[in-house]
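Engineer: What shape does this take:
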Amino acid sequence: MTRKMTNEETRFLEEEIKSNSKNSLNSIKTLSHIKIDYTEEEYDDIIMKVGSEEQLEFRRDGVNTKDLKKLKDNNEALKTLDLHGMNSKEAQHSVVEFITISIQKGHTRIRIIHGKSINKKYANHPIIKNIVNNMLQKIPQVLAFCSSNKYYGGTGSLNVLLQSKRRNHGKK
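Structural biologist: Sure thing, here's the model as predicted:
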């Protein structure tokens, strides 16, 4: 069974596509290099990286530890994408679209709920969590991410720091 986006998620995406269709399309093109279709062997390499209770943390060069700590300690309600009920391909498409629209909207902090669902085929490793971890590290507009605090999903959720339209970390 696949999960449909909530009404709030759908409205957010529809509004952005209508109001920024040209900009959104250009931004989507910049994320078109993100690989979504994996072979069985590639899945094996990606999925065996982290466990369901493992904390995730990533930051690009130029992002200081103070910014990462603020992101980790974030207690705000952020624009959120919930991937529960989606298969891996739907989740990947949703993440790319959500990040694209969030950047266009000017959101620099977002939350992605990937869950902790495990798969026996992959030695009880969480498929969606590992795929999202892998994807986010490949998207240049993602400056940092870390597991959310317990109140906002803990190790089943990520707070993500996005590059703002004005800020160009490490790029000239």
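Engineer: And the strands in this structure?
Structural biologist: Using DSSP state E, the strands found in the chain span residues 57-59, 79-82, 109-113, 118-119, 125-126, 142-147, 157-162.
Engineer: Please verify my assumption that residue 139 contacts residue 98.
Structural biologist: No. Between residue 139 and residue 98 no contact is recorded; they are 11.1 Å apart, counting by C-beta atoms under 8 Å. All C-beta atoms are positioned from the backbone trio N, CA, C, and that covers glycine.
Engineer: Please work out which helix or strand belonging to this structure has the smallest mean pLDDT.
Structural biologist: Between all helices and strands in the chain, the lowest mean by mean pLDDT, DSSP states H and E belongs to helix 21-30, at a mean of 46.
Engineer: Turn the strands of the chain into CSV, columns for mean neighbour count, distance to residue 71 and mean pLDDT.
Structural biologist: As requested, the strands of the chain are exported to CSV (neighbours: other C-beta atoms under 10 Å; distance: least, C-beta to C-beta, whole Å; pLDDT from 0 to 100):
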stretch, mean neighbour count, distance to residue 71, mean pLDDT
strand 57-59, 16, 9, 94
strand 79-82, 20, 14, 95
strand 109-113, 20, 7, 96
strand 118-119, 14, 26, 72
strand 125-126, 22, 21, 83
strand 142-147, 23, 6, 96
strand 157-162, 25, 5, 96
